[in-house]
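1. Sequence first, then the predicted structure:
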Amino acid sequence: MREFGDIESVGREMHDFARELWPLPRSISGEGLRTTLRAIGERLPSFDLVEVASGSRALDWIVPDEWWVREAWIETPDGRRICDFATCNLHLVGYSTGVDAVLSREQLEAHLHSLPAQPDAIPYVTSYYERRWGFCLSHRERESLPPGQYRVHIDAGHGPGSISYGECLIPGESEAEVLLSTYCCHPSMANNELSGPVLLAQLGAWIAALPRRRLSWRLLFVPEMIGSAAWLERNRARAQAHVVAGFNLSCVGDERAWGYLPSRAGNTLADRVARHVLGHLAPGFRSWRWIDRGSDESHYCAPGIDLPVASVFRSKYGSYPEYHTSLDDLEHVVTPRGLGESFAAFQRIVEALEADVVPKTLVLGEPQLGRRGLYPSLSMKGSTAGVRPMLDLLSEADGARSLLEIADRIGRPVWQLAPCLDPLRAHGLLSVEELHR
Amino acid sequence: MREFGDIESVGREMHDFARELWPLPRSISGEGLRTTLRAIGERLPSFDLVEVASGSRALDWIVPDEWWVREAWIETPDGRRICDFATCNLHLVGYSTGVDAVLSREQLEAHLHSLPAQPDAIPYVTSYYERRWGFCLSHRERESLPPGQYRVHIDAGHGPGSISYGECLIPGESEAEVLLSTYCCHPSMANNELSGPVLLAQLGAWIAALPRRRLSWRLLFVPEMIGSAAWLERNRARAQAHVVAGFNLSCVGDERAWGYLPSRAGNTLADRVARHVLGHLAPGFRSWRWIDRGSDESHYCAPGIDLPVASVFRSKYGSYPEYHTSLDDLEHVVTPRGLGESFAAFQRIVEALEADVVPKTLVLGEPQLGRRGLYPSLSMKGSTAGVRPMLDLLSEADGARSLLEIADRIGRPVWQLAPCLDPLRAHGLLSVEELHR
Amino acid sequence: MREFGDIESVGREMHDFARELWPLPRSISGEGLRTTLRAIGERLPSFDLVEVASGSRALDWIVPDEWWVREAWIETPDGRRICDFATCNLHLVGYSTGVDAVLSREQLEAHLHSLPAQPDAIPYVTSYYERRWGFCLSHRERESLPPGQYRVHIDAGHGPGSISYGECLIPGESEAEVLLSTYCCHPSMANNELSGPVLLAQLGAWIAALPRRRLSWRLLFVPEMIGSAAWLERNRARAQAHVVAGFNLSCVGDERAWGYLPSRAGNTLADRVARHVLGHLAPGFRSWRWIDRGSDESHYCAPGIDLPVASVFRSKYGSYPEYHTSLDDLEHVVTPRGLGESFAAFQRIVEALEADVVPKTLVLGEPQLGRRGLYPSLSMKGSTAGVRPMLDLLSEADGARSLLEIADRIGRPVWQLAPCLDPLRAHGLLSVEELHR
């Protein structure tokens, strides 16, 4: 297992991967999305690139036409080319229709989007489900545009095709699955949302290399909302039967905060693991509420679907100023250290889930550890501090509680208790059973 | 529905009605009580004036003889008439026996009641269940009484008769009932207790004028303790079968506080509605405990009766200095604004109960509101704030929770969610079922 | 019943008894332990001194050989005798082997134990389960030892024998038992642990003299851990069938703190009684956690044994500086007042358990106490304060809750409600049933 001291180094790998994916023109369909998914798939042991045809049902949703863009720009009265999609793909409203026209400054106005309160930021705007065209630019640039005639040129269009998502199953000893989902439809922004895909790719490779896995791990890389709906349309019953915990990975790349957003049910295994891990790694982490949600968990946890999916964030979408603008970048927002720390936290989440067996003490009363060499033979004040984790674990191992529950009762991280299991089993003091959920 | 902006105006109506009832010499029986009940009944769509004969059993209680008073006063040695019942009916101890005698200042002392700590207040004193006579006066006046001979004259008496209470049923679509009870046995005091009867009369008229009622509403105007016992003696089984929530209305006329006193069970529908409404209208309201009770809820919630009856107060009985004295008046304590605000709060309580259906989402996953014109087609940061109540409602509408429970989970007032139901039903996204209690 | 004002006097009795027991050389076996147990037994109505042979199984433990000591000391190079067992039995490491040898100052070092941070304290050290020898002394003395040859002399040894414990059953009307356990294996220390045995002896005598006992009371005086294991080995099934609550009495002699340590289950009758009594007698008492345990409750509450045993402390073991040193004495740590207050608290615990019946109101609604002379006939503000405990008790006596639960709901001590039971029964308002656990 990679050492946690190695946070900067693994963070650097992820940051480099994010740079590689940065310029690809992602949307909820199209070649930018497919190229991103293929690059992710190369890092994982198996990867299915799934296409879902336009017009298909996806729960209550209908898969839209595919969108393509060749180029898009505006030419100013003085012949300068601005809002060039080739320079920054945020300049074009997502799913814009094609257009080639000359408009007055006033006519152009209705098609421009900017943020007066953040005059240097290019906003991220989409119109997936209604046909229109538009450009996004900094408010400062918009204010400087002179009167006159503007040529707008968008070489883009829609047509029957498909949306795409990626799926990777890393099998374990059990059919019980953990669902890890993230979304890949955002163009060039870093925390929301290149951080999720690059972290999940890194984590998947690490999980695949574990010497042993009790659980199976299912990784999803989807276009937000429509992709998770499409996956659920095909996989709901199986997921309901097998998924024991799940996480939506989003906004996991900066260093400024830690947060947790519960599943709708609020106290699933995923929730308890998230609170346990953050409680030990990031005391004082921010607890969001279900009503603060804003992503695929709206599908995963919806009534009648009810998957146990929670979220662990750094700075959550909607809560940081750079959110959904060109300021959400790989220089000032997402850092190698931020990505590395998030990776370490999710390693703890994986470990906590993998270690969540049910230990059962095999003796009555507190065992006489001394005669087994597990207890200091000389007793004086303070002499037993070192064996308290073991004694506390034994005292709670009544066969009715999993290791995670025991760890929460004892107030110690599960990764401090897990290493006690093997020695205690070797001395015949403890058995370990799978959790029957 | 009356606008809530109209608080002063509706408050003024109630305040005027309280002035009209003010001089009537109320007690737990007699003509003062009957006249009060008749005046209330005129404002309601139906009204039964019920007489319960002296000597009848009323749960563990026995209905006492009826009491009548013609006049009562004291003549001082210098010929002044003081403690005149005609001037202020608090001067006479409630249920006093008749007397006509001349007593020394010292002999008189045992029959006088005053409050040294509130020297200007005439206290409210009764002796329903033991025969005695007495006068109440301000401590200042008592201290000024000279030595000498006093003539005391009370033309009053007791005899077989009845106690009286008023009952009004406003039927709705369901047999499920809400019980609203208040008491009318207090003589000239304002917050405790003309505020309860005048508010309940006003509320009843408003409920009766609602275009639709899911629930039936039962209003009781009783003499305290003996009246509710008499009503329960006759109606207990039916009440236990049908009453889904209830409130004792008392001390609802001043502007100084908001409070809630739970039912004995503590988490009935009435409790949850009271906490919900006050939580949104009067954050920081005072939560009393069951052991702070002091009125008919002692019967309604007693073991074996167990009706779900809570209380919503302004300044609660026993907790404000003017309580049970002549200072509890319509000038300094109970105001039109105070009564009007309480009326508005009880309107919200009625609305919350009427709206407490069980909504159920008819689609899997978060619905695609955009294709139904219920969602902004252009997505940028902040664009969905306006549709969050609807989305949150849908996400919680799993058919297992009522609208009130959903509102509490979401943290929004139920009156913000209720208007979403019809549009969502019209789009086939939601069904609404009655609550099976 | 002894008056609680009498705290100093009863405390003085216990303190005198502790002085009497002080010099006896206690350990987990041997004559010092037996003499102590016999002295305790003389104060109780019945007492079994039980011997458990070396080599016996005691749950997971094996009863060790018995230990005897005749004398033990060190002679310094200048002929002084130090670390003399006859002067202070803490000087000898518990269960030391015999030795008679001459060692250099350097060789001696490995056999000396002292506390650099508490240079005037002789530490308490034992080695029950591994054969070694050693001396304990103040760090100041140790530092002053000159180079040279030292004669060490320990006339002690081990051999087949037994450990001893004492058991006393004080029968009541019911087979339901309360288990009160303390340990007697510590040599000359006061709070931990002469306070436990002397308090339990005093309490047992008081319980035995009660005019009536609903419950049976079982008192155990054991060598710590091995003694409770030996008792459980023989009595587990019976204890599991009959013990309804239990307490481990330890560290109950100083005046500096109050604390409670829960049973493993956390909400047994013992826990609720402990919190109730301390909540009224010592508001702000310290709540320890199960993981702070350190005594026989580790056996009593272990998985598969699960007896409802909690602890009530003054300054808990491990939490005060004098713990497990010669500073834990009868002058500066344990006082008559400390012992007396603890006795009074345990009297309240006994009373709360004895009074924990299930009262049931026999009338519907609030009873008319007035016609039974239980209520003031003249009603004015404040007149009912004196009867509130009775009214509140009646209002909660639904036959589903014990008196303790009712007391906690009402917020009054159970000893304030218990005296209401008989008058209410006499008036036919209440029945009292045994608690079916």
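-> Now that the structure is in, tell me what you want to look at. Owing to the predicted nature of the structure, the values given are computational and were not obtained by experimental measurement.
2. partner residues bridging residue A:432?
-> As for beta bridges, residue A:432 partners with residue A:359 under DSSP bridges.
3. secondary structure class for the closest residue to residue A:347 other than its chain neighbours?
-> Beyond its immediate neighbours in the sequence, the residue positioned closest to residue A:347 (Cβ to Cβ, 6 or more residues apart in numbering or on different chains) is residue A:206, lying 6.8 Å away. For the C-beta atoms, the positions are set from N, CA and C on the backbone; glycine is no exception. At residue A:206 the chain is in helix, as set by DSSP: H, G, I helix; E, B strand; the rest coil.
4. Tell me how many other residues surround residue A:206.
-> Burial measure for residue A:206: 16 neighbouring residues, criterion other Cβ atoms under 10 Å in any protein chain shown.
5. quick one: it from residue A:180, how far?
-> 12 Å (Cβ to Cβ, to the nearest Å).
6. quick one, helices of chain A?
-> Secondary structure of chain A (DSSP state H): helices at A:7-21, A:31-41, A:105-109, A:139-144, A:195-208, A:226-242, A:269-281, A:297-300, A:336-354, A:388-396, A:403-410, A:414-426.
7. tell me which strands and helices the shortest one is in contact with?
-> Right, the one you point to is helix A:297-300. When contacts are defined as 3 or more Cβ pairs under 8 Å, 6 or more residues apart in numbering or on different chains; DSSP states H and E, helix A:297-300 packs onto helix A:226-242, strand A:243-249, strand A:309-313.
8. closest one to residue C:41 among the helices of chain A?
-> Evaluated with Cβ to Cβ, these place helix A:388-396 nearest to residue C:41, the distance being 32.1 Å.
9. one step back: comparing the helices of chain A, which comes out most buried?
-> Among the helices of chain A, helix A:297-300 has the highest mean neighbour count (mean count of other Cβ atoms under 10 Å in any protein chain shown), at a mean of 28.
10. how far does that one sit from the chain's center?
-> Relative to its parent chain, helix A:297-300 has a centroid offset of 13 Å by Cα atoms, centre = their mean, to the nearest Å.
11. Look up how far residue A:17 lies from residue A:9.
-> 13 Å.
12. Let me know the outermost residue of chain A.
-> Going by Cα atoms, centre = their mean, the residue of chain A most distant from its centre is residue A:378, 50.7 Å out.
13. how about the closest residue to it other than its chain neighbours, phi and psi?
-> Nearest residue to residue A:378 in three dimensions, chain neighbours excluded: residue C:127, at 5.2 Å (Cβ to Cβ, 6+ apart). Dihedral angles of residue C:127 (phi, psi; degrees, to the nearest 10) stand at phi -140, psi 70.
14. that older thread, hmm, the residue farthest from the centre of chain A is touching residue C:128, no?
-> No - counting by Cβ atoms under 8 Å, residue C:128 is not a contact partner of residue A:378; they are 9.8 Å apart.
15. and the helices of chain A as CSV, adding mean pLDDT?
-> Listed next are the helices of chain A as CSV, based on pLDDT from 0 to 100:
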stretch, mean pLDDT
helix A:7-21, 97
helix A:31-41, 98
helix A:105-109, 96
helix A:139-144, 98
helix A:195-208, 98
helix A:226-242, 98
helix A:269-281, 98
helix A:297-300, 98
helix A:336-354, 97
helix A:388-396, 94
helix A:403-410, 97
helix A:414-426, 94
